[in-house]
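1. Compute the structure for the input listed below.
(chains A and B)
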Amino acid sequence: MSSSTHILIAVLASGAFFLIVRLVRFKVLKAKYSILWLTVGSSLAVISAVPQVLDWTAEKLGIWYQPTLFLLLAIGFLLLLAMHFSYELSRMENRVRVLVEEISLLKERIEKEE
Amino acid sequence: METAAIIPAFNEAESLPSVINEIKELFPDHLIVVVDDGSTDETADIAKKFDCVCLSMPFNLGIGGALRLGFRYCLDREIDCAYQFDADGQHDSTQISLLLSELEHSDMVIGSRFSADHPYEVGQSRKAAMNILRFLVRIYTGQKFTDTSSGFRAFTRPVIKLFAKEYPVEYMDSVEALLIASKNGFKISEIPVQMRERSAGQASNRNFRLIYYFLRLLIVLLAGIRKKEKD
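-> Reported below is the predicted structural model:
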């Protein structure tokens, strides 16, 4: 890995870290997600600090071009995340529906009593 | 025995009064439950003016969501049987008694547009889609239905209880509901009824949307069949 890539990753990692901590502090991001993103941030930090980790793992896995491993991991992670969000979204949608039903039933009952 | 009419309505202010009047005239003892599916016109006001139950949803959830709320209300009110009736004037109130009398022999009755004396005309692409659905439903349920997407149906209390929780909330709900009821072991029958052309409003089906929902339904069907093989 060249030194300019090195610097780029370092900048990205620290930026991400700073942003996550800020979001958690202002309670924009739930703690549950902050752990997730902090893990991403710290792995980025490790890779930028010791790029040899990536090279070594790639070699062990038989990947000749090291950045491929990085991209592979990133894409895999994003896919998992997207799936998780789809799941959460479905659950939320269902809950909203039930809430709408409850509200409509309650509204009808109140209007009847008035 | 208390009977309820569930009328899901989305911006049907124009046709709703005559629909309610027709039912009230023929069946004064039926409880009319209008589910206002987040309408932006006077649908809710009209329903309230007519002295029937009006459940107003804060935003549009689609016909499936509206029906599910209707079933839930009927369950809470301990209604014995309920029927689903369109607010657009497509359904003929004189046919309600046909559905209800058939309900004595089964748990759920579907009023079919087809095979009646006056055939109901549909477009070519819809006809093709309906044929595929009919075929798949036949494989899945082992029963022959001529009109799987008919929205003119009657239900007994056990089915109301099931649908209050499990009614499919996406478009093309009627086919999926049929499958759910069948999977839960309910006896479903179909009788020919007469229907009218829509008296007001606009049909909610646009072709590209229809294709999307059709594909979604196919996936549901395939997933359902696999699940059935397992248990």
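
2. Quick one: residues in contact with stretch B:33-43.
-> A:104, B:4-13, B:16, B:20, B:44, B:47, B:52-63, B:65-67, B:69-70, B:73-74, B:82, B:87 (CB atoms under 8 Å, 6 or more residues apart in numbering or on different chains). C-beta here means a position set from N, CA and C on the backbone, and glycine is covered the same way.

3. try stretch A:10-18
-> By CB under 8 Å, 6+ apart, stretch A:10-18 touches A:37-38, A:40-42, A:44-45, A:47-49.

4. residues in chain A within reach of chain B, list them.
-> Contacts of chain A with chain B, taken as CB under 8 Å from any CB of the partner chain, map to A:97, A:100-101, A:103-105, A:107-108, A:111.

5. Sort out which of these are buried, if you could.
-> In the residues of chain A next to chain B, burial by neighbour count holds for A:97, A:100-101, A:104, A:108, counting by 16 or more other CB atoms under 10 Å in any protein chain shown.

6. and of these, the nearest to B:Phe208?
-> For these, the closest approach to B:Phe208 (CB to CB) belongs to A:Arg97, at 24.9 Å.

7. May I have the phi/psi pair for that closest one?
-> Dihedral pair for A:Arg97: phi -60, psi -50, per degrees, to the nearest 10.

8. returning to that earlier point: pLDDT and distance to B:Ile110 added to the buried ones among the residues of chain A next to chain B, as TSV?
-> Listed next are these as TSV, based on pLDDT from 0 to 100; distance: CB to CB, whole Å:
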residue	pLDDT	distance to B:Ile110
A:Arg97	92	25
A:Val100	93	27
A:Glu101	93	25
A:Ser104	94	26
A:Glu108	91	28
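
9. TSV for those residues, including secondary structure?
-> Shown next, in TSV, are those (DSSP: H, G, I helix; E, B strand; the rest coil):
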residue	secondary structure
A:Arg97	helix
A:Val100	helix
A:Glu101	helix
A:Ser104	helix
A:Glu108	helix
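
10. Show me the shaky parts of chain A.
-> In the predicted model, chain A carries pLDDT under 70 at residues A:1-2.

11. and if you look at chain B?
-> For chain B, the ranges with pLDDT under 70 are B:115-122, B:198-207, B:224-231.

12. List the contacts of the residue most central in space within it.
-> Centre of chain B computed as the mean C-alpha position; nearest residue by CA atoms, centre = their mean is B:Gly151, 3.2 Å away. Going by CB under 8 Å, 6+ apart, B:Gly151 touches B:63, B:84, B:86, B:91, B:174.
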